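Asker: here is a sequence together with a model predicted from it:
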Amino acid sequence: MALLSVQDISVSIGVLSPLESVTFEIDKGEILGLVGESGSGKSLTAMCVMGLLPRIGGTITKGAIVFDGRDLTRLPELELRRLRGKRIALISQNPMTSLDPIIRIGAQIDQVSTLHLGLSAEAAKARSLELIAQLRIPEPAAIHRAYPHQLSGGMKQRIVIAMALAADPDLIVADEPTTALDVTIQAQIIQIMAELVRDRGLALMLITHDMGVVAQACDRVVVLYAGRVAEMNVIGEIFAAPKHPYTRELIRCIPRLGQEPGSLKGIPGVVPSIVDYPEGCRFNPRCSDAQALCRERKPALERKSTGLAACHFSEA
Amino acid sequence: MISFFLKRLLLLIPVFLAVSVVIFMIVHLVPGDPIDNLVQINSSPEQKAALAARYGLDKPLYQQYAIWLGKALTGDLGDAIILRRPVSDLIAQNLPHSLSLGALALLFSTVVGIAAGVLAAIYKDSWIDRVTMTLILLGSTVPSFWLGLLLIMLFAVQLGWFPVSGARSWDALILPVLTIGLGGVALVARVTRVAMMETARKDFVMMLHAKGVPPWQIELRHVLRHALLPVVTILSLRIGWILGGAVTVEFVFARPGLGSLLITSLNQRDYPVVQGALLMLAIAVMLGTLLGDIVQAAMDPRVRERIK
Ligand SMILES: Nc1ncnc2c1ncn2[C@@H]1O[C@H](COP(=O)(O)OP(=O)(O)O)[C@@H](O)[C@H]1O
Ligand code: SF4
Ligand SMILES: [Mg+2]
């Protein structure tokens, strides 16, 4: 049985319905990529898994999120809180703003293990120092004493990763963990994170808009478009034989070595606005394969030769 | 931290000099010759000149200022004309009353204001928030002398719980402290509430929830700590206001203190006392802002970074 199984969930925030029938699973020890352009609903999916959706005023209107046999959508807040940070940890998008600026780095990591593992102050500190060292940060003791503003963005994100690992979680949700960072250190951070996760046999839900990151780290991919799942497959198949035109476009847009700067083109057209999603297939205004049917009927997420895709005209 | 303290202290020197000039000039800017107020109606010009010489009023203004400031810096504020005692004695006698009143009013504003602000922020949009904010609105619109009179009428005259005036027993402090402090409570509560609600929207707070930290811990250990930063700023600015309040409130409650001394000597045109009392008030305000800066730096590492 999968460690996490997101089953057909729909989300509403006020009058908006930013997620519709999102379905995927993550197995123990697996790195799952969740890909899509900005606004496709990746962060909201992360919020659902963390049980934090009510904090931003959203509700899950349909479906279930089964984690280790328990449906998180039915769990009382107190139970959810005991899972958060302990069994499911979050690495957020912006390391510049996700640490408390007036509290020492060390105390912020210690907090997790004292809270969830019941460690004494000294034991928590020893553990934090070890984690900082494992993230290949020089001088762990000095960093433990430092304040967030004294660290670079990359260092801060490593600290956030250390914080996520502090209570030995089973699942880590990383929401675009390198988007806010300098390009030169993005690959390095992904590498460190993926290594630590693999070493410990943890499951990782890696959210990104960059197919390059997916190629670097993931076992399996879920492609999200405008709040719906467009395609899902193992990494080899996704790149070898993408079934959904949107996935093909995402792959086409990966920057490649030796490419002329500026020759890189994005996907034509714009992501539709949530307040007026197109009828039928939401990708139809941007899809080169679109036909009349695409504007009328919503494609179901169906099993193909390998994986799943939601397209009327994708080949088997 | 120590060098920061010294730097701030140095920065206060020009402020102090400017303030001292203004205080000194007040005497010379109010209509009427100080000497006229000193002498009997029918004294001779010679007697007047002798008096002027005795108080140094025959010298040019800048010299008078230099002499006054020089002596003031050594603690000699001259002699009171009417009361015929050293001004420093009068201040030493009255200052403790004002200090205890001011400090208690500040403490009251801080503690009650923060508590009310936290309650209103945590229970925002509930009846607790609405009741607190309504009281706070009332508290911040009522002038303090009027509030003082109201409190005297109700608690001292009608109910007889507290003394009407004076400073003979500790409970005589309660109504004056309430009078000065309630406005501060309102201000502190409002700033605390807004700052807590603003901080609660920050990314790091969502991260704390994601870490599984209990909400009350997030509110009190993280959000409140941030909210206290602007509270410290307004409190240090409030010190001047509280001392100003002490002036009227001491008068309303007929309490001894710097404020009473100031008003009495103003009425009697006892200028050395006026100057001395104003100088003390100015110093207190400056020390207040200095204290605020220090507390701020102690609480916020980013401030310490900036001042390095
Ligand atoms: N708190 C919110 N209130 C209203 N709409 C929101 C909120 N958060 C996200 N949305 C909307 O939901 C959609 C998906 O957002 P998000 O999950 O942040 O996308 P992604 O992370 O893929 O960029 C967007 O259209 C966004 O405008
Ligand atoms: S359903 Fe039609 S519009 Fe949608 S992706 Fe497939 S071909 Fe394109
Ligand atoms: Mg996002």
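Answerer: All right, it came through fine. Ligands and ions are numbered 1, 2, ... in the order given.

Asker: wait, isn't A:Ser288 in contact with A:Pro245?
Answerer: Yes: the criterion here is C-beta atoms under 8 Å, and A:Ser288 meets it with A:Pro245 at 6.7 Å. (Glycine included, C-beta is placed from N, CA and C.)

Asker: got the contact list for whatever residue of the stretch 101-250 of chain B ends up closest to chain A?
Answerer: For the stretch 101-250 of chain B, the residue closest to chain A is B:Gly212, as judged by C-beta to the nearest C-beta, at 3.4 Å. Residues in contact with B:Gly212 (C-beta atoms under 8 Å, 6 or more residues apart in numbering or on different chains) are A:Arg81, A:Arg82, A:Leu83, A:Arg84, A:Gly85, A:Lys86, A:Val112, A:Leu115, A:His116.

Asker: kindly report the same for A:Ile189.
Answerer: A:Gly154, A:Gln157, A:Arg158, A:Ile161, A:Pro177, A:Thr178, A:Leu181.

Asker: which ones among those lie within helices?
Answerer: Applying DSSP state H to these, the entries found in helices are A:Gly154, A:Gln157, A:Arg158, A:Ile161.

Asker: pLDDT at the first one, what is it?
Answerer: A:Gly154 is assigned a pLDDT of 92 by the prediction.

Asker: any idea which element the closest residue to it other than its chain neighbours lies in?
Answerer: Nearest residue to A:Gly154 in three dimensions, chain neighbours excluded: A:Ile185, at 4.4 Å (C-beta to C-beta, 6 or more residues apart in numbering or on different chains). Here A:Ile185, judged by DSSP states H and E, is contained in helix A:183-199.

Asker: average pLDDT across the helix or strand following that helix?
Answerer: Scanning forward in sequence from helix A:183-199 by DSSP H and E, the next helix or strand is strand A:203-208. Across strand A:203-208, pLDDT averages out at 97.

Asker: buried residues, strand A:203-208. List them.
Answerer: A:Ala203, A:Leu204, A:Met205, A:Leu206, A:Ile207, A:Thr208 (16 or more other C-beta atoms under 10 Å in any protein chain shown).

Asker: tabulate the residues you listed (CSV), appending distance to A:Ala310.
Answerer: Below are the buried residues of strand A:203-208 laid out as CSV (distance: C-beta to C-beta, whole Å):
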residue, distance to A:Ala310
A:Ala203, 24
A:Leu204, 24
A:Met205, 20
A:Leu206, 21
A:Ile207, 19
A:Thr208, 20
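
Asker: for chain B, tell me which of those show up nearby.
Answerer: Residues of the buried residues of strand A:203-208 in contact with chain B (C-beta under 8 Å from any C-beta of the partner chain): none.

Asker: pull the most distant pair out of those.
Answerer: The span of the buried residues of strand A:203-208, defined through C-beta to C-beta, is set by A:Ala203 and A:Thr208 at 16.2 Å.

Asker: if we can go back for a sec, got a PyMOL select line for the buried ones in the contacts of B:Gly212?
Answerer: Entered in PyMOL, the line below selects the buried ones among these, by 16+ other C-beta under 10 Å:
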select buried, chain A and resi 81+83+84+85+86+112+115+116
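
Asker: if we look at chain B, which of the contacts of B:Gly212 are close to it?
Answerer: Answer for those near chain B (C-beta under 8 Å from any C-beta): A:Arg81, A:Arg82, A:Leu83, A:Arg84, A:Gly85, A:Lys86, A:Val112, A:Leu115, A:His116.

Asker: near ligand 1, which residues of the stretch 51-200 of chain A show up?
Answerer: When proximity is defined as C-beta under 6 Å from any ligand atom, the stretch 51-200 of chain A approaches ligand 1 at A:Ile56, A:Gly57.

Asker: got the residues of the stretch 51-200 of chain A near chain B?
Answerer: A:52, A:55, A:81-86, A:89-90, A:92, A:94, A:97-103, A:111-112, A:115-116, A:147, A:149-150, A:160, A:163.

Asker: low-confidence ranges in the stretch 101-250 of chain B?
Answerer: Across the stretch 101-250 of chain B, the ranges flagged by pLDDT under 70 are B:144, B:167.

Asker: helices and strands around the longest helix along chain B, which ones?
Answerer: The single longest helix within chain B, with elements called by DSSP H, is helix B:87-122. Packing partners of helix B:87-122 (3 or more C-beta pairs under 8 Å, 6 or more residues apart in numbering or on different chains; DSSP states H and E): helix B:127-141, helix B:174-200, helix B:224-252, helix B:258-267, helix B:271-299.

Asker: closest one to B:Leu151 among the ones you listed?
Answerer: Closest among the helices and strands packed on helix B:87-122, using C-beta to C-beta: helix B:174-200, at 4.8 Å.

Asker: tell me which residues of the closest one come out buried.
Answerer: Quick answer for helix B:174-200 (16+ other C-beta under 10 Å): B:174-193, B:195-197, B:199-200.

Asker: coming back round to it: compute the inter-axis angle for the helix holding A:Ile185 and strand A:203-208.
Answerer: 160 degrees (axes from the mean of the first three to the mean of the last three C-alpha atoms, to 10 degrees).

Asker: restricting to C-alpha, output helix A:183-199 in PDB.
Answerer: Coordinates of the C-alpha atoms in helix A:183-199 are reproduced here as PDB (Å, rounded to 0.1, in the frame of the first residue of the first chain):
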ATOM      1  CA  VAL A 183      20.600  29.200 -10.500                       C
ATOM      2  CA  THR A 184      24.200  28.000  -9.800                       C
ATOM      3  CA  ILE A 185      23.200  26.400  -6.500                       C
ATOM      4  CA  GLN A 186      19.800  25.000  -7.400                       C
ATOM      5  CA  ALA A 187      21.100  21.700  -8.700                       C
ATOM      6  CA  GLN A 188      23.400  21.300  -5.700                       C
ATOM      7  CA  ILE A 189      20.600  21.800  -3.200                       C
ATOM      8  CA  ILE A 190      18.300  19.300  -5.100                       C
ATOM      9  CA  GLN A 191      21.200  16.900  -5.100                       C
ATOM     10  CA  ILE A 192      21.800  17.100  -1.400                       C
ATOM     11  CA  MET A 193      18.100  16.800  -0.600                       C
ATOM     12  CA  ALA A 194      17.600  13.800  -2.900                       C
ATOM     13  CA  GLU A 195      20.600  12.100  -1.400                       C
ATOM     14  CA  LEU A 196      19.500  12.500   2.200                       C
ATOM     15  CA  VAL A 197      16.000  11.400   1.300                       C
ATOM     16  CA  ARG A 198      17.300   8.300  -0.500                       C
ATOM     17  CA  ASP A 199      19.800   7.400   2.300                       C
END
